[in-house]
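Asks: Structure, please.
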Amino acid sequence: MAPSYDHASSLGRDLLDARRDRLLAESRIGQYVIKGRGAIYWSADETKSPSPLELAWRANREYPELCNPELKRIEAHNFSLLEAIVDHIPCTFMLSAAKRFATVFLEYGYR
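Replies: Residues are numbered from 1 along each chain as shown. Presented below is the predicted three-dimensional model:
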């Protein structure tokens, strides 16, 4: 399940605040998440890598016996834990617009 959270710059790190705010206002975080690509391919014949979240969905469909225990572990934690982690990042490293964006981004993946 780690690839579904390891989005690196896909957390919007390189976005300007205006773009983050627009994506949030237009409720398009899900589109942004799915559009993001990782460097992990499902099969050797793929020419385009799926999004990290798509990889997690595929893994769950193909290998539920491996994924279900991890999904239960994730479900056992309240999302507020992730939110609190983002909130604790100093504003000198991450401005409030970036924190809001990252929190909604993570929540989409969590759900």
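Asks: hey, let's count contacts and neighbours off CA atoms from now on
Replies: Fine.
Asks: In contact with residue 75, which residues?
Replies: If a contact means C-alpha atoms under 8 Å, 6 or more residues apart in numbering, then residue 75 has no contacts.
Asks: for residue 83, same thing?
Replies: Applying C-alpha under 8 Å, 6+ apart, one finds that residue 83 lies in contact with residue 103.
Asks: Please identify which helix or strand holds it.
Replies: helix 79-87 (DSSP states H and E).
Asks: Over to residue 44?
Replies: Element membership for residue 44 (DSSP H and E) is empty, with no helix or strand holding it.
Asks: ok, residue 60 to residue 78 distance?
Replies: Using C-alpha to C-alpha, to the nearest Å, we find residue 60 at a distance of 21 Å from residue 78.
Asks: Between the two, which has more neighbouring residues?
Replies: Comparing residue 60 with residue 78 by neighbour count (other C-alpha atoms under 10 Å), the higher total belongs to residue 60, at 17 against 10.
Asks: mind listing the helices for the protein?
Replies: Using DSSP state H, the helices of the chain run over 17-25, 29-35, 52-62, 64-75, 79-87, 96-110.
Asks: Identify the residues contacting residue 74.
Replies: residue 110.
Asks: how close does the most far-flung residue of the chain relative to its centre get to residue 75?
Replies: If you look at how far each residue of the chain sits from its centre, by C-alpha atoms, centre = their mean, the farthest one is residue 45, at 25.0 Å. Noted for residue 45: a distance of 33 Å to residue 75, by C-alpha to C-alpha.
Asks: how deep is residue 46 tucked in, by neighbour count?
Replies: The tally of other residues near residue 46 (other C-alpha under 10 Å) stands at 9.
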